[in-house]
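Asks: Kindly return the folded structure for what I paste below:
(one chain, ligands or ions: 1)
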Amino acid sequence: MKIAILRRPTFGANVVLIAAAIYLVAAVNGRFWSLVFDSAASGGISALAVLAVAIALLSLTLLMLLPLGLRWVMKPALVAVLILAAGAAYFISDYGAVIDRHALASVYESDAREASEWLSARMIWTIALYGLLPAALLCWIKVEWQPVWREAWSRFKLAALALFLLIGAALVSGKDIASLLRNNMALRFVVNPYSLLTAQLSYLDHARSDQMAWTSIALDAKRAAPLLAGRKPIVVILVIGESARASSLHLNGYGRDTDLELQPIPLVNFSHVSSCGTNTATSLPCMFSDLGRKYYDDSTAKHRDNLLDVLMRANYDVLWLDNNTGSKGLAKHATERNLANGTEPPLCGNEGCLDEVLLADLRQTLPTISKDTVIVVHMLGSHGPAYYARYPQEFAAFTPECRTNELQRCSDVEILNTYDNSILYTTHILANMIGLLDNQLSFSMPTSLSERRCLARRGQVAADAPACTTPSTPVNPSAASPSEQNVQSKPFDAALLFVSDHGESLGEHGLYLHGAPYAIAPNEQTHVPMMFWTSAGFNARRELDLNCLRQASSKDYSHDNFFHSVLGLTAVSTEVYRSELDLFAPCDRSSAASAN
Ligand SMILES: [Zn+2]
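Replies: Numbering: from 1, shown residues only. From the prediction side, this is the model:
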């Protein structure tokens, strides 16, 4: 009598990897899919977008698994992935857990007693069904291996296919996917096993950086001759913009008058500046670090003196005013004031505070300054996707707007209009900051909505449209509020440098928001506005040749110039200062004079 034995089927390695990826996407991502389907059911994203998400997730998972496709490695590695993913799925589904480095730390740091408390029949059952069973199936099948070079070539083709599908999904439904991720912050922490991998990498990175010693730099920093203590205090304001892109400013050739309040001000506008990163978390610490983009590393920068530390060493008071997500530790040795958590209307509401809160604080703070001070003003600027919440209604010069944070509900024109209104408001804030700093300034500011709309559309309207009336409200000292008069009665020598942290995509190449990997990031995300203003009093002491600066203002610069240019501007001399990166240095008449 013969016993029928089921023969072990044989598959190529690519087939096994694809099957494992499909299984993981479908079987251990219950919470992820329920969030996605909820969004689709409420009209948040289309059915096509759900399909694009599935294709993108499958491609991403496959790309993660591909490095495991080696003989002797693939089976044990996939078994481990299946069991870990099943365990993660249990915590995500049954406990609503998110998988981040804190979750992993609590697992690693739990002792036997704690761990045993987690153990339940349901947990064992879940891991057995979703992890051990497919793992057993994987062990049972045979894998047919080809010669090494043929395996490598076939893996390369599979990687190319996965990349192609990933890019295709982004092109077809990028707007929906970006909006889905923005509005469901939890999604990226429940996608399995991707979040396991990123949490593990983040855990290792933090474990490494926690042990790093602090590096002090510029211990020799001191004030150089041009700005030694004078009769009046020096105030230098460094305004850090948010998601402002250079190409959306009229000053940089944009067809809309998005910066009409800046146009009468004698600025130096640097038109070709690139950012260090494409998100705040990278760009902000990078700008204030001496490392530069090439050598910038998050952990290294976190354990090292930054620009503000050097300025304080050179006897400047430093104040960080924030209407964004904070200084990320940059101001931990300085004074930091967070205005973003305000609740008082009309400047603050459910969707955060308007940048006017920064101006209001400056009106209070400036009259109290008696010592040379550098103030960092961190704006909320054009932070998306809720661009409409970044400006008050009288700045809605460009209509129709997109008055929702679900960008996919709006047309590209509506998104662009709304974003441009936020730029119009940002430049209004900048113009007013300069107005606060300078009692010499008298220029006309449009105040009514019709005036703003009319001016903002200048250049777009037909030639026979009625001409705009001249703005009617000149800024004059007698109209200033009591606190502004206080500023004027107690003047300082002031300068202001504005630069944005990164740009923003508004549908170009199918991309929205920001955060694209730098190597493939479009110009819209990396090309940022930067401008400089100085009061006559400041420049009488600092002696910068403004015409020379203007002539050099269209050269290529980057955030790498920020650290050294601020040191140059504030006349701080130190061994870490590099004059070739100081964009003020070639136009410094004081150093030319001292060199002669
Ligand atoms: Zn940002």
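
Asks: Could you tell me the per-residue confidence at whatever residue of the stretch 51-200 of the chain ends up closest to the ion?
Replies: Closest to the ion within the stretch 51-200 of the chain is residue 182: 13.2 Å, counting by Cβ to the ion. C-beta: built from backbone N, CA, C; applies to glycine. For residue 182, the model assigns a pLDDT of 80.

Asks: If we ignore the residues flanking it in sequence, what's nearest it?
Replies: Distance criterion Cβ to Cβ, 6 or more residues apart in numbering; nearest residue to residue 182, sequence neighbours excluded, is residue 385 at 5.4 Å.

Asks: List the contacts of that neighbour.
Replies: Taking Cβ atoms under 8 Å, 6 or more residues apart in numbering as the contact definition, residue 385 lies against 178, 179, 182, 183, 405, 406, 407, 512, 513.

Asks: try 7 Å this time
Replies: Neighbour list for residue 385: 179, 182, 405, 407, 513 [criterion: Cβ atoms under 7 Å, 6 or more residues apart in numbering].

Asks: so it sits in a strand?
Replies: No. The assignment for residue 385, made by DSSP: H, G, I helix; E, B strand; the rest coil, is coil rather than a strand.

Asks: Can you list phi and psi of it for me?
Replies: Dihedral pair for residue 385: phi -80, psi -10, per degrees, to the nearest 10.

Asks: Any chance of the backbone angles for residue 571?
Replies: Dihedral angles (degrees, to the nearest 10) for residue 571: phi 50, psi 50.

Asks: Just to check, it is in contact with residue 228?
Replies: No. Contact criterion Cβ atoms under 7 Å: residue 571 and residue 228 do not qualify, at 8.1 Å.

Asks: These two: which has the busier surroundings?
Replies: residue 571 (21 against 12; other Cβ atoms under 10 Å).

Asks: what does the model give that one for pLDDT?
Replies: At residue 571, the model reports a pLDDT of 96.

Asks: what's the answer for residue 483, then?
Replies: 42.

Asks: Over to the one 10 residues further on?
Replies: The score at residue 493 is 92. That number is its pLDDT.

Asks: can you check residue 118 too?
Replies: On pLDDT, residue 118 comes in at 71.

Asks: Quick check: longest helix in this structure by residues?
Replies: With secondary structure taken from DSSP state H, the chain has its longest helix at helix 148-183.

Asks: elements contacting that one?
Replies: On a contact count with 3 or more Cβ pairs under 7 Å, 6 or more residues apart in numbering; DSSP states H and E, helix 148-183 meets helix 13-27, helix 47-65, helix 187-190, strand 512-513.

Asks: relative orientation of it and helix 13-27 in degrees?
Replies: 20 degrees (axes from the mean of the first three to the mean of the last three Cα atoms, to 10 degrees).

Asks: tell me the contacts of the nearest residue to residue 173 once chain neighbours are set aside?
Replies: Residue nearest to residue 173 in three dimensions, not counting chain neighbours: residue 52, with 3.6 Å by Cβ to Cβ, 6+ apart. If you count contacts by Cβ under 7 Å, 6+ apart, residue 52 has them with 169, 172, 173, 177.

Asks: The first one: neighbour count?
Replies: Same thing as residue 169. For residue 169, the neighbour count with other Cβ under 10 Å is 22.

Asks: For residue 51, see how far away it is.
Replies: Residue 169 sits at a distance of 8 Å from residue 51 (criterion: Cβ to Cβ, to the nearest Å).

Asks: What does the pLDDT read for the residue nearest to residue 9 when sequence neighbours are not counted?
Replies: Computed as Cβ to Cβ, 6+ apart, the closest residue to residue 9 that is not its neighbour in sequence is residue 141, at 5.5 Å. With respect to pLDDT, residue 141 has a value of 95.

Asks: per-residue pLDDT, the residue nearest to residue 173?
Replies: In this prediction, residue 52 carries a pLDDT score of 95.

Asks: what residues are up against the residue of the chain found nearest the ion?
Replies: Residue nearest to the ion within the chain: residue 280 (3.1 Å; Cβ to the ion). Residues counted as contacts of residue 280 (Cβ under 7 Å, 6+ apart) are 325, 501.

Asks: and if you look at residue 279?
Replies: Applying Cβ under 7 Å, 6+ apart to residue 279 gives the contacts 502, 514, 515.

Asks: Could you report the neighbour count for the last one?
Replies: Residues within reach of residue 515, counting by other Cβ under 10 Å, total 19.

Asks: Wait, it touches residue 281, no?
Replies: No. Look at residue 515 against residue 281 with Cβ under 7 Å: they stay out of range, at 9.3 Å.

Asks: Give me the nearest residue to residue 313, chain neighbours excluded.
Replies: Distances taken as Cβ to Cβ, 6+ apart place residue 221 nearest to residue 313, at 4.2 Å, with adjacent residues excluded.

Asks: tell me the mean pLDDT for the strand or helix carrying residue 416?
Replies: Per DSSP states H and E, residue 416 falls inside helix 412-437. Model confidence over helix 412-437, given as mean pLDDT, is 96.
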